[in-house]
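Student: 3D, please:
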Amino acid sequence: MPKFLYTSLIFLFVFTLAKAQEKEIDPPYNIKTVTFVQNGNNVVPIFELGSTIELQFDDLFGNEANYYFELVHCDYNWKPSDIPKNDYIRGFDGQRIMDYSNSFNTLQIYSHYRLTFPNQFTTQIRLSGNYMLKILNEDKEVVFSRRFIVYENHSTVAVQVKRSRNLSNIDQKQNLDFTIASNDITFQTPAQNVKVLLLQNGNFNTAIKNVVPQYTIGNQLVYKYDAETQFWAGNEFLYFENKDIRAANNNVGRIGSNNDIYNAYLYTNAARGNQIYTNYQDVNGNFVVKNINASDNSIEADYAWVYFTLSAPAFRLNKDIYITGMFNNYSLSPEYKMDYNTDKAVFEKAVMIKQGFTNFQYTVADKKGNIDNENAIDGNFYQTENEYTILVYYKESTDRYQRVIGKGNANSINIVN
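Tutor: Residues are numbered from 1 along each chain as shown. Next comes the predicted model:
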């Protein structure tokens, strides 16, 4: 092979690797309760440019290990942007996380870490867009990573949640009609330059992408599709409450302490797909860390083994069932995959979760991780209350990166026909 051709192939290979899509890496067993926090609450990781961004997590080893952070700016498809790092952050990344403290008065020891932007290294995010936040160990190996999005207020998104237009799934789906407008940006070739991201309850695994405007009215982009912007409605999230970790509370059948930490045995959940819809309040997949006998929940809330049991006799065993929610970033990792107990004819799983109030759901997925929302364990009901978020991406021909220029929200409690 000619030398110049060999060199070209090497360069192409390296360039391809450099542009590989950034994917979230699930944390190892000892890393728990990874969450973005704003104003003291766990939130979907979407922040306005210039606001404070905070990541928190626990290390169950409790040995004050050294962790470092790295930020990567990405495009709409989560590939690293072609811009220098000092263009999108002011200051430095690659620094050690200095804000941490050890648990107090808990059976399960842990070290609690906080990473805030801006921080003491004057690390400040300067541009909107998609970001991948990587947490590294002392060997600069990625321990886990989380995505978050920073947006600007340069457009408005008017959203309306409607029932499906298709009679075959009118009782199971919710459709988003929305209009994008801007007073200070004149959209150029919006079919190519404007992109949207549609999220249901902050779950990136079920996001809808690559929907072009159906038509334009002046500088307004109108999306009134029948199928392209539809979500399976799902059902209200299940929940349990163990704010007092020593007593059985809502949906906790009994408490045990056979191991070194408490065990919370939940009541058996029956599959709700064939039942009628029942309305009750949830927090759309979110969770609250809370110890009613403590003053600082971040380090005084304890961990418990939570035992989940699901009775789903009609479920086909060619797919897997996972326990998901914001408490585990809707992860489909083996740690949350349920096992079938042939003697009891139920699905079971024990998961270590920080005490408080936790929403969860049972998610069906195949061996490749493709989620089967159509055949959801708990069914799909158009009446389900869901929180929707729409993000608007824009890149002019002269721009070097894709900006996020606006955000819209809607709740299906206001659904219309």
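
Student: quick one: the strands in the stretch 301-417 of the chain?
Tutor: 303-311, 320-324, 339-341, 346-354, 356-365, 387-394, 403-411 (DSSP state E, counting those that start in this stretch).

Student: how about a markdown table for those, with mean pLDDT and distance to residue 65 added?
Tutor: Just so you know, the C-beta spots here come from the backbone N, C-alpha and C atoms, and that holds for glycine as well. Below are these laid out as a markdown table (pLDDT from 0 to 100; distance: least, CB to CB, whole Å):
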| stretch | mean pLDDT | distance to residue 65 |
| --- | --- | --- |
| strand 303-311 | 97 | 17 |
| strand 320-324 | 97 | 27 |
| strand 339-341 | 94 | 31 |
| strand 346-354 | 97 | 18 |
| strand 356-365 | 96 | 24 |
| strand 387-394 | 97 | 34 |
| strand 403-411 | 96 | 33 |
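
Student: Tell me which of those strands sits nearest to residue 102.
Tutor: strand 303-311 (13.9 Å; CB to CB).

Student: from the chain's centre, how far out does stretch 96-105 sit?
Tutor: 24 Å (CA atoms, centre = their mean, to the nearest Å).

Student: Give me the contact list for that stretch.
Tutor: The contact list for stretch 96-105 (CB atoms under 8 Å, 6 or more residues apart in numbering) reads 58, 62, 64, 66-69, 109-116, 119-120, 135, 294, 296, 298-300, 302.

Student: and with 7 Å instead?
Tutor: With CB atoms under 7 Å, 6 or more residues apart in numbering as the test, stretch 96-105 has contacts from 62, 64, 66-69, 109-115, 120, 299-300.

Student: what do you get for stretch 27-46?
Tutor: With contact meaning CB under 7 Å, 6+ apart, stretch 27-46 is reached by 53-61, 143-144, 146-149, 151, 202, 286-287, 289, 326, 329, 335, 352, 354, 389, 407.

Student: List the buried residues in it.
Tutor: 27, 31-38, 42-46 (16 or more other CB atoms under 10 Å).

Student: hmm, back to that, could you save the strands of the stretch 301-417 of the chain as CSV and add columns showing mean neighbour count and distance to residue 88?
Tutor: Output for those, formatted as CSV (neighbours: other CB atoms under 10 Å; distance: least, CB to CB, whole Å):
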stretch, mean neighbour count, distance to residue 88
strand 303-311, 20, 36
strand 320-324, 23, 31
strand 339-341, 13, 44
strand 346-354, 19, 32
strand 356-365, 22, 33
strand 387-394, 22, 15
strand 403-411, 20, 11
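
Student: how about these in TSV, adding distance to residue 103?
Tutor: Shown next, in TSV, are those (distance: least, CB to CB, whole Å):
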stretch	distance to residue 103
strand 303-311	9
strand 320-324	24
strand 339-341	30
strand 346-354	10
strand 356-365	15
strand 387-394	32
strand 403-411	35
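
Student: nearest to residue 252, of the ones you listed?
Tutor: Taking the strands of the stretch 301-417 of the chain one by one with CB to CB, strand 303-311 is closest: 8.5 Å.

Student: Kindly export that closest one (C-alpha atoms) in PDB.
Tutor: Output in PDB follows, covering the C-alpha atoms of strand 303-311 (Å, rounded to 0.1, in the frame of the first residue of the first chain):
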ATOM      1  CA  TYR A 303     -30.000   3.700  51.700                       C
ATOM      2  CA  ALA A 304     -32.300   0.700  51.700                       C
ATOM      3  CA  TRP A 305     -32.700  -2.500  49.600                       C
ATOM      4  CA  VAL A 306     -36.100  -2.000  47.900                       C
ATOM      5  CA  TYR A 307     -37.700  -5.300  46.900                       C
ATOM      6  CA  PHE A 308     -40.000  -4.900  43.800                       C
ATOM      7  CA  THR A 309     -42.500  -7.600  42.900                       C
ATOM      8  CA  LEU A 310     -44.600  -7.600  39.700                       C
ATOM      9  CA  SER A 311     -47.400  -9.900  38.700                       C
END
